[in-house]
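Engineer: Fold the following for me, if possible:
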Amino acid sequence: MKAILIISILLIASSCVTVKLGSTEGHKAVGVSIREPSPPFERVNRQDVDAAFKNPVNGNVISYVSDCKDPADPSLDGIVSTLLTDLTDLKIEFSQNTTFRDRDARRVQAHGKVDGVESALDLLVFKRNDCIFILTYLGVKSAFAENRSEFDKFVEGFEVP
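Structural biologist: I've put the predicted structure just below:
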């Protein structure tokens, strides 16, 4: 079993930032059902996430990644901590232990800089059936509020077996 979670969290002006856990590619979950964000979001074909959608007008990105059968079995706090390491000047606005689809989950909203760009993000991390799931909404801080409701709908429509 391979141990990695790769999540692309920002696509701005043809650049991207990737946060990695582990050193090899993991196994993606099967049987996941999602509700794709409404236009102007467009699907972006990326190898490092299960699905990603970008708003071409403001650069905001909604994505999810899964990693199954990770022998390291990191904690939810450990996953969140690793995902936030590439944000400089990090400010956690909201962090809550919650449940999602009858499983323990962690919801975090934060802002900081990615490659010097003021950015904001909303994460939902949970585990189910030997898989880790990370749902992410990220964008430039000044445009972040514009698509928050689309991410909420994405989370509501996210179903795992």
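Engineer: The chain: strands as residue ranges?
Structural biologist: Under the criterion DSSP state E, strands of the chain are mapped to 4-12, 15-22, 42-44, 51-54, 61-68, 88-100, 103-114, 117-128, 131-140.
Engineer: Tell me who's in contact with the residue most central in space within the chain.
Structural biologist: Residue closest to the mean C-alpha point of the chain, counted by CA atoms, centre = their mean, is Thr136 at 2.5 Å. Neighbour list for Thr136: Ile7, Ile9, Val61, Ile62, Ser63, Tyr64, Val65, Leu121, Asp122, Leu123, Leu124 [criterion: CB atoms under 8 Å, 6 or more residues apart in numbering]. The C-beta positions use only the backbone N, C-alpha and C, and glycine is treated the same way.
Engineer: Now do it against Ile34, distance only.
Structural biologist: Separation of Thr136 from Ile34 (CB to CB, to the nearest Å) stands at 13 Å.
Engineer: Same list (the contacts of Thr136) but as CSV, adding distance to Ser149.
Structural biologist: Listed next are the contacts of Thr136 as CSV, based on distance: CB to CB, whole Å:
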residue, distance to Ser149
Ile7, 22
Ile9, 19
Val61, 15
Ile62, 11
Ser63, 17
Tyr64, 17
Val65, 22
Leu121, 16
Asp122, 11
Leu123, 17
Leu124, 15
